[in-house]
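S.K.: missing the sequence, but the structure's below:
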């Protein structure tokens with residue numbers, strides 16, 4: 001069973017930057033379509049960004065478009081999320097996940113089967 005481990009979260013001021021990493025176990029990372037999600041206290045888990053297995057298809061939530069960049073290095077079994085111009089509303093627990101279903105949109109958490117434990121991002125005002 002594949003395991004995902006997120007890292008890179010922390011406390012930053014408004015306007016700052018962070019780079020999240022998601023390391024995957026196993027030898028089949030290059031076959032996974034993956035996504036980043038986040039969840040703030042009292043709110044539902046929401047889609048942040050998506051990247052397909054080759055890196056050729058990328059999609060972002062409107063709220064992060066132009067500020068966040070998703071990427072991956074299949075040789076390192078790692079996916080990244082570069083977050084710039086951070087805002088207090090970006091504060092959340094950030095998760096990476098592997099897509100397992102294609103019945104609906106890539107932004108639906110139910111389409112993903114394997115999840116990491118999350119890394120906390122806190123943006124102070």
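M.R.: Yep, it's here. Predicted model, so just to flag it, every value in this text is computed and none were measured.

S.K.: give me the contact list for the worst-scoring helix or strand of the chain on mean pLDDT.
M.R.: One helix or strand of the chain scores below all others by mean pLDDT, DSSP states H and E: strand 112-115, with a mean of 94. If you take C-beta atoms under 8 Å, 6 or more residues apart in numbering as the criterion, strand 112-115 is touched by 1-4, 35, 37, 95-101. From N, CA and C alone the C-beta is placed, and that goes for glycine too.

S.K.: for these, give me JSON lines that also has distance to residue 123.
M.R.: Listed next are those as JSON lines, based on distance: C-beta to C-beta, whole Å:
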{"residue": "1", "distance to residue 123": "33"}
{"residue": "2", "distance to residue 123": "30"}
{"residue": "3", "distance to residue 123": "28"}
{"residue": "4", "distance to residue 123": "23"}
{"residue": "35", "distance to residue 123": "21"}
{"residue": "37", "distance to residue 123": "17"}
{"residue": "95", "distance to residue 123": "17"}
{"residue": "96", "distance to residue 123": "19"}
{"residue": "97", "distance to residue 123": "22"}
{"residue": "98", "distance to residue 123": "27"}
{"residue": "99", "distance to residue 123": "27"}
{"residue": "100", "distance to residue 123": "31"}
{"residue": "101", "distance to residue 123": "32"}
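
S.K.: out of the residues you listed, who has the most neighbours?
M.R.: In terms of neighbours by other C-beta atoms under 10 Å, the contacts of strand 112-115 top out with residue 96 at 30 neighbours.

S.K.: give me the sheet partners of the least confident helix or strand of the chain and which way each runs.
M.R.: When pairing is defined by DSSP bridges, strand 112-115 lines up against strand 92-99 (antiparallel).

S.K.: the helix or strand that the least confident helix or strand of the chain is followed by to strand 92-99, inter-axis angle?
M.R.: On the C-terminal side of strand 112-115, the closest following helix or strand by DSSP states H and E is strand 119-124. Between the axes of strand 119-124 and strand 92-99, defined by axes from the mean of the first three to the mean of the last three C-alpha atoms, to 10 degrees, the angle is 140 degrees.
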